[in-house]
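Asker: predicted coordinates and the sequence they were generated for:
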Amino acid sequence: MSELNTSLSILKQYWGFSSFRDQQIPVIDSILSRKDTLALLTTGGGKSICFQVPAMMMDGICIVISPLIALMKDQVTQLNQKKIAAAAYYSSQSLETQAKIIDYAIEGKLKFLYISPERLVTKDFIQRLRQMKVSLLVVDEAHCISQWGHDFRPAYLKIKEAFPYLNSVPKIALTASATPRVIEDIVTYLELKHPNILQNTFYKSNLSYQVYPSETKIVDLVKWLRKLGGSGLVYVNKRTLAEELVKQLKNQYHIEADFYHAGLSIELRNAKQEKWIKQPNSLMISTNAFGMGIDNPNVNFVLHYNMPDTLEAYFQEAGRAGR
C-alpha cells in the first residue's frame, strides 16, 4: 500500500474523513519524506491533522511543543476520544502523574506527548528524553519563537537545547501566519535543515471582512454585539482597555463579557479559556494573547476595537471566527 493510501486509511479510520484538504497533502508528503517542514496554514485549516496522521505511520512517539495548557488539553482530549494514546505534560500536574506520563512515553505506550517549551528543557525532562524513541518533533504556533512575531515567547528560543537528544528526527513548525522576517527566525532558531516552506492562501471562503469608521467606538461596538449575537471575540491593543471595556459593557449596557491578557496568572488564563470554550454565547474582550490555536466552533464574529500591528496578525486573529 502506498504512503498516500495508508495516510488516507488512517484519516478515515480515526477522523472519519475520506479525503485530505488540498493544503494538507504537501505538508503530509513532506513529513513522510522525513524533511524538515515549515507549514503556514490558515487558522482552522487543519494543521493538527498534517502531523497527527503521519505520526501514526511512524515508529515511536511524536513530541508536540505547544504554548498553552488549554490548547494541549484540547488536543489530547480529541486524540483520546479517537482511541489514540496521547498525554500532556505540564507543571500543575502532581509529581505522580508526571512520572507516570514519562514512564508511558519511555515504554512506548504513548503516540503523542504534548509539552510546553518551558517544560521541554527542564533538566529532569531532558534526562528522560534520552530514553524515548521520538519519531517527530512538532513546534506548534512557531511564530512565538520570533521577537518580530505578535506572540513572542522567549522560552521558544530554548527549544534547540533538546535537539542533541532527539537523534536528528524531522521537525515540523506550524503557524497560521508569519512575515518573511518571522519565517527567517523560525528556520534559524529551530535549525531547520533545507526545509520545505509550504504556505497556503490567507483567504477563507466562510468569512466576510468589513471595516467601519467610528467616532463613538463603544456605542458602535454595542450596536454590533447586539446585532451579531452568539459567541465572539473583541480584540483591543492594551490590557487596561480590555478590563475597562468589560466594566463598561456590564455596567452601562448590561452585556456580559470577560477579559483576557498576558498580565493574568497562567491559572486564571487557563480557567478563562476553558470557560469561554465550554460556555455558549460567550464574549471575550482580549489583547492578541488570546485565542491562539484554540478550537472553538461557536465563534460567530471577531471584532477589532483597535487596528492590529500587522496584516498577518489581523488575518490570524480574524480567522478565529472561521474554525
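Answerer: In hand now; what should we look at? Numbering: from 1, shown residues only.

Asker: can you pull out the low-pLDDT segments for the stretch 101-250 of the chain?
Answerer: Scanning the stretch 101-250 of the chain for pLDDT under 70 picks out 149-150, 200-206.

Asker: residue 111: how many residues sit nearby?
Answerer: The tally of other residues near residue 111 (other CB atoms under 10 Å) stands at 19. Any C-beta I mention is one placed from the backbone N, CA and C, and that applies to glycine too.

Asker: residues touching it, list them.
Answerer: 55, 56, 61, 62, 79, 84, 85, 86 (CB atoms under 8 Å, 6 or more residues apart in numbering).

Asker: and the gap between residue 127 and residue 106?
Answerer: With the distance defined as CB to CB, to the nearest Å, residue 127 ends up 11 Å from residue 106.

Asker: and these two? Which one has more around it.
Answerer: Set residue 127 next to residue 106 and count neighbours by other CB under 10 Å: residue 106 wins out with 16 against 11.

Asker: now the more buried one: which helix or strand?
Answerer: Taking DSSP states H and E as the definition, residue 106 sits inside helix 95-107.

Asker: for that helix, buried residues please.
Answerer: By neighbour count with 16 or more other CB atoms under 10 Å, helix 95-107 contains the buried residues 98, 101, 102, 105, 106.

Asker: test my guess that the second one contacts residue 114.
Answerer: Which is residue 101. No - counting by CB atoms under 8 Å, residue 101 does not reach residue 114; the two are 10.0 Å apart.

Asker: need the residues touching each of those two.
Answerer: Shared contacts of residue 101 and residue 114 (CB under 8 Å, 6+ apart): 87, 89.

Asker: chain neighbours aside, what residue packs nearest to residue 40?
Answerer: Setting aside the residues directly before and after it, residue 40 is nearest to residue 199 in space (CB to CB, 6 or more residues apart in numbering), at 4.3 Å.

Asker: now do the same end-to-end measure for stretch 146-161.
Answerer: Distance between the two ends of stretch 146-161: 17 Å, counting by CA to CA, to the nearest Å.

Asker: residues making contact with that stretch?
Answerer: By CB under 8 Å, 6+ apart, the residues outside stretch 146-161 that reach it are 65, 67, 116-118, 120-121, 126, 139, 141-145, 178-179, 181-182, 185-186, 189-191, 288-289, 292, 308-310, 312-313, 316.

Asker: narrow these to those in helices?
Answerer: Mapping the contacts of stretch 146-161 onto helices (DSSP state H) picks out 117, 118, 120, 126, 181, 182, 185, 186, 189, 312, 313, 316.

Asker: roughly how far apart are the last one and residue 41?
Answerer: When distances are taken as CB to CB, residue 316 and residue 41 turn out to be 11 Å apart.

Asker: now do the helices in the chain.
Answerer: Using DSSP H, the helices of the chain run over residues 3-10, 24-32, 47-56, 69-81, 95-107, 117-120, 123-129, 180-189, 217-228, 239-253, 266-278, 311-318.

Asker: helices or strands up against the first one?
Answerer: So that's helix 3-10. Contacts defined by 3 or more CB pairs under 8 Å, 6 or more residues apart in numbering; DSSP states H and E place helix 3-10 against helix 24-32, helix 47-56.

Asker: make TSV out of those and add mean pLDDT and distance to residue 303.
Answerer: Below are those laid out as TSV (pLDDT from 0 to 100; distance: least, CB to CB, whole Å):
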stretch	mean pLDDT	distance to residue 303
helix 24-32	93	30
helix 47-56	94	25
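
Asker: most tightly surrounded among those helices?
Answerer: helix 47-56 (a mean of 23; mean count of other CB atoms under 10 Å).

Asker: re earlier: buried subset of the contacts of stretch 146-161?
Answerer: With burial judged by 16+ other CB under 10 Å, the buried subset of the contacts of stretch 146-161 is 65, 67, 116-118, 120-121, 139, 141-145, 178-179, 182, 185-186, 189-190, 288-289, 292, 308, 310, 312-313, 316.
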